[in-house]
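Engineer: Here is a sequence together with a model predicted from it:
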Amino acid sequence: MTITAGLVKELRERTGAGMMDCKRALVEVDGDLEQGVELLRKGGQAKAAKKASRVAAEGLVVLAGDVSEGRHVILEINSETDFVAKDVNFSRFADTVAQAALIHQPSPTNVEELMALEVDGKTLEKLRLELVTKIGENISVRRFAIVDTDGLVGAYSHMGRIGVLVELNGGTIELARDLAMQVAARAPQCISADDMPQEELAKEREILMAQASGEGKPPAIVEKMVAGRLRKHLDEVTLLGQPFVKNPDQKVSDLLAEGEATVVRFLRYEVGEGIEKKKDDFVQEVMAQASQNG
């Protein structure tokens, strides 16, 4: 398989490893990006432990709620450019979609059902198509979730780019909002270590074992090193293990114990999360145009 410069660059962006290390890794795994990340981490060349999601699409994450009904909505809607994402017509449409999801009974269960809902005699899909025609740019409702609960729900939006809902059992609304801010800032993968999939834990342990074994320590020491590093990793990626953003000396688990509360669930949406946006190469575009004209 041909290892392109773009593939090497992407692996370097994900891991922070050197270009030659990235190229050698990709050759060894036949161009598989995920295996390349894992190989570099095992060899210790990767500087970052976390995979970097390719976030490129524009748009908004919208939150809506009816506290009296115990109902909350989180929604992501995408546009092609940041310019359109800031357009008032776009934000109004996003709010309309969120409100429709909030008030409609029975609740829509997927995007298709959501877009079939009617507002003022027109379906949301019809309104979307009209907006696309008006703005001249593709617009799509990517995902949404509805939280119905008797518990407390904290909501936090960071400039419309990140939206979070946190549901608590016990505690206060202030605590729920603080934890929503925590989730926005630190992006935990799950609530606690018990929620981590066993296959992910096994893979992480395998990577840490490979790293520690390469340091020339005795097996008993390697086991202790891996156990300690795994605990540290779990603290970084689980909400309960993280230091509280407003008081780094206190863990979130201690904060919850102090507030006599437990986290039922959290939802975190970030605009464009996991979506790859095509990067236009202006130089290549000009050269292609010139060759056509020639």
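Structural biologist: Yep, it's here.
Engineer: Show the pLDDT at L234.
Structural biologist: For L234, the model assigns a pLDDT of 91.
Engineer: For the closest residue to it other than its chain neighbours, which residues are in contact?
Structural biologist: Of all residues not flanking L234 in the chain, A193 sits nearest, at 4.7 Å (Cβ to Cβ, 6 or more residues apart in numbering). To be clear about C-beta, it is placed using only N, CA and C from the backbone, and glycine gets the same treatment. Contacts for A193 (Cβ atoms under 8 Å, 6 or more residues apart in numbering) come out as L234, T238, L240, G241.
Engineer: Which of the three states applies to the last one?
Structural biologist: Here G241 takes the coil state, with states given by DSSP: H, G, I helix; E, B strand; the rest coil.
Engineer: Help me confirm that it comes into contact with V252.
Structural biologist: Yes. With contact defined as Cβ atoms under 8 Å, G241 counts as touching V252 (7.4 Å).
Engineer: When the two are compared, which one has more neighbours?
Structural biologist: Between G241 and V252, counted using other Cβ atoms under 10 Å, the more crowded position is V252 (25 against 19).
Engineer: so K217 makes contact with M225?
Structural biologist: Yes. With contact defined as Cβ under 8 Å, K217 reaches M225; the gap is 6.7 Å.
Engineer: For the two, indicate the residue with more neighbours.
Structural biologist: Looking at K217 and M225 with other Cβ under 10 Å, you find the greater number of neighbours at M225, namely 17 against 13.
Engineer: Return the set of buried residues in the strand or helix carrying G59.
Structural biologist: Assessed by DSSP states H and E, G59 sits inside strand 58-66. Judged by neighbour count (16 or more other Cβ atoms under 10 Å), strand 58-66 contains these buried residues: E58, G59, L60, V61, V62, L63, A64, G65.
Engineer: One more: stretch 198-217?
Structural biologist: E204, I207, L208, M209, A210, Q211, A212.
Engineer: per-residue pLDDT, the second one?
Structural biologist: Predicted confidence (pLDDT) for I207: 86.
Engineer: Pull the contacting residues for it.
Structural biologist: E38, R41, K42.
Engineer: The first one: which element?
Structural biologist: Taking DSSP H and E as the definition, one finds E38 inside helix 33-43.
Engineer: quick one: that helix to chain centroid distance?
Structural biologist: 21 Å (Cα atoms, centre = their mean, to the nearest Å).
Engineer: What average pLDDT does that helix get?
Structural biologist: Rounded mean pLDDT across helix 33-43 is 82.
Engineer: Show me this protein divided up by domain.
Structural biologist: In the assignment given by automatic domain parsing, the structural domains of the chain cover 1-52, 58-190+263-270.
Engineer: among these, which is nearest L230?
Structural biologist: When the domains of the chain are compared by Cβ to Cβ, domain 1-52 sits nearest L230, at 11.4 Å.
Engineer: chain center to the closest one: distance?
Structural biologist: In terms of Cα atoms, centre = their mean, the centre of domain 1-52 is found 21 Å from the chain centre.
Engineer: again with stretch 198-218
Structural biologist: 26 Å.
Engineer: same question, stretch 248-264
Structural biologist: The answer for stretch 248-264 is 23 Å, by Cα atoms, centre = their mean.
Engineer: do stretch 234-251 as well
Structural biologist: With Cα atoms, centre = their mean, you get 18 Å for stretch 234-251.
Engineer: what about that stretch, how long is it end to end?
Structural biologist: Using Cα to Cα, to the nearest Å, the end-to-end distance of stretch 234-251 comes to 13 Å.
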